[in-house]
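J.: sequence first, then the predicted structure, then my questions.
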Amino acid sequence: MSAVLAHETIGDGDTTLVFAHGFTQTRDAWRPVARLLTRRSPRLSCILVDLPGHGASRDISADVAEAARLLVEVGGRAIYVGYSLGARVVVEALVQPDSPVRAAVLVSGGGGIDDAAARAARAADDDALAARIESIGVEAFLREWLAQPLFRDLDHETAQFDLRATNSARGLADSLRRCGQGRQNPRWEELARVSAPILAVAGSRDVKYVALARRIATVAARSRLAIIEDCGHSAPLQRPDAVADEIAEFVAAVVNR
């Protein structure tokens, strides 16, 4: 019997959005955005999912392709919203033949690392990080992880440190080893052939991912770009209102076209 990713639903509308979180997060990371969306529109139903190795799915082990399959088994035909790790999983689901992804919102995401040597180096780095988590434990690792420049503009509460700390060392380490950036094949060519609408989102202070969002918006035929001002990599946590606004506008265009 196939594993089922832990999930919950907010709202009971007839337009379904499926949310996939970032590394070290849980489905709670998307709760503020989902609540804003469903309060504004009773037509929406938001499914929040714990990805493999995280939250109540901590004991599920999967690579990116399997994570994508498990995600769409939960959501079916829907609009998928992914942040960072979650964006990688949504990209993988998006480019599969007969994909059920009606449209995609990719927040702080990309199409993968083009260069094979760079991918291998990233995979090695992720393996080392996985060993570090197992060595020092989740809370100590989170203090190091969130001290990176990528997350420097998050305080303890905004970072949802206590929620992240409910994850297990084994689950997070497995996620890095199997779903890290170095383990995903580049999907830029496939993204160029995707017919589903895509919204590429990045925080204005996150220079690397602004460039990746612009590349997505350039490569994919039916895509648009949204830059969230005054925030970095973690736009959904820092500016949930602005992210919800962009998603709501995008969803309305998808539904009404």
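T.: Alright, I've got the coordinates.
J.: what about the helices in the stretch 1-150 of the chain?
T.: With helices called from DSSP state H, counting those that start in this stretch, the stretch 1-150 of the chain shows them at 31-40, 64-75, 85-94, 116-136, 138-145.
J.: where does this structure dip in pLDDT?
T.: Along the chain, the model assigns pLDDT under 70 to residues 1.
J.: and residue 252, that one's in a strand?
T.: No: with DSSP: H, G, I helix; E, B strand; the rest coil as the criterion, residue 252 is located in helix rather than a strand.
J.: so how far is residue 92 from it?
T.: 26 Å (Cβ to Cβ, to the nearest Å). Placement of C-beta: from N, CA and C, glycine included.
J.: looking at the two, which is more packed in?
T.: Set residue 252 next to residue 92 and count neighbours by other Cβ atoms under 10 Å: residue 92 wins out with 27 against 13.
J.: wait, the more buried one touches residue 66, no?
T.: No: between residue 92 and residue 66 there is no contact under Cβ atoms under 8 Å: 9.3 Å.
J.: most neighbours per residue, which of the helices of the stretch 1-150 of the chain?
T.: Ranked by mean neighbour count under mean count of other Cβ atoms under 10 Å, the helices of the stretch 1-150 of the chain are led by helix 85-94, which reaches a mean of 28.
J.: helices or strands next to that helix in the packing?
T.: strand 15-20, helix 64-75, strand 78-83, strand 101-107, helix 169-179 (3 or more Cβ pairs under 8 Å, 6 or more residues apart in numbering; DSSP states H and E).
J.: how about the ones you listed, which one is nearest residue 191?
T.: Nearest to residue 191, of all the helices and strands packed on helix 85-94, is strand 101-107, at 9.4 Å by Cβ to Cβ.
J.: circling back to that earlier point, JSON lines for the helices and strands packed on helix 85-94, including distance to residue 148?
T.: Shown next, in JSON lines, are the helices and strands packed on helix 85-94 (distance: least, Cβ to Cβ, whole Å):
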{"stretch": "strand 15-20", "distance to residue 148": "21"}
{"stretch": "helix 64-75", "distance to residue 148": "22"}
{"stretch": "strand 78-83", "distance to residue 148": "16"}
{"stretch": "strand 101-107", "distance to residue 148": "18"}
{"stretch": "helix 169-179", "distance to residue 148": "14"}
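J.: neighbours of residue 227, just the number please.
T.: 18.
J.: compare the helices and strands packed on helix 85-94 and give me the one nearest residue 56.
T.: Comparing those under Cβ to Cβ, the one sitting nearest is helix 169-179, at 10.2 Å.
J.: how about the CA coordinates for the closest one, as PDB?
T.: Taking Å, rounded to 0.1, in the frame of the first residue of the first chain, the C-alpha atoms of helix 169-179 are listed here in PDB:
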ATOM      1  CA  ALA A 169      16.800  14.500  12.500                       C
ATOM      2  CA  ARG A 170      16.200  11.300  10.500                       C
ATOM      3  CA  GLY A 171      13.500  12.800   8.400                       C
ATOM      4  CA  LEU A 172      15.300  16.000   7.600                       C
ATOM      5  CA  ALA A 173      18.600  14.200   6.800                       C
ATOM      6  CA  ASP A 174      16.700  11.800   4.500                       C
ATOM      7  CA  SER A 175      15.100  14.800   2.700                       C
ATOM      8  CA  LEU A 176      18.400  16.400   2.100                       C
ATOM      9  CA  ARG A 177      20.000  13.200   0.800                       C
ATOM     10  CA  ARG A 178      17.100  12.400  -1.500                       C
ATOM     11  CA  CYS A 179      15.400  15.700  -2.400                       C
END
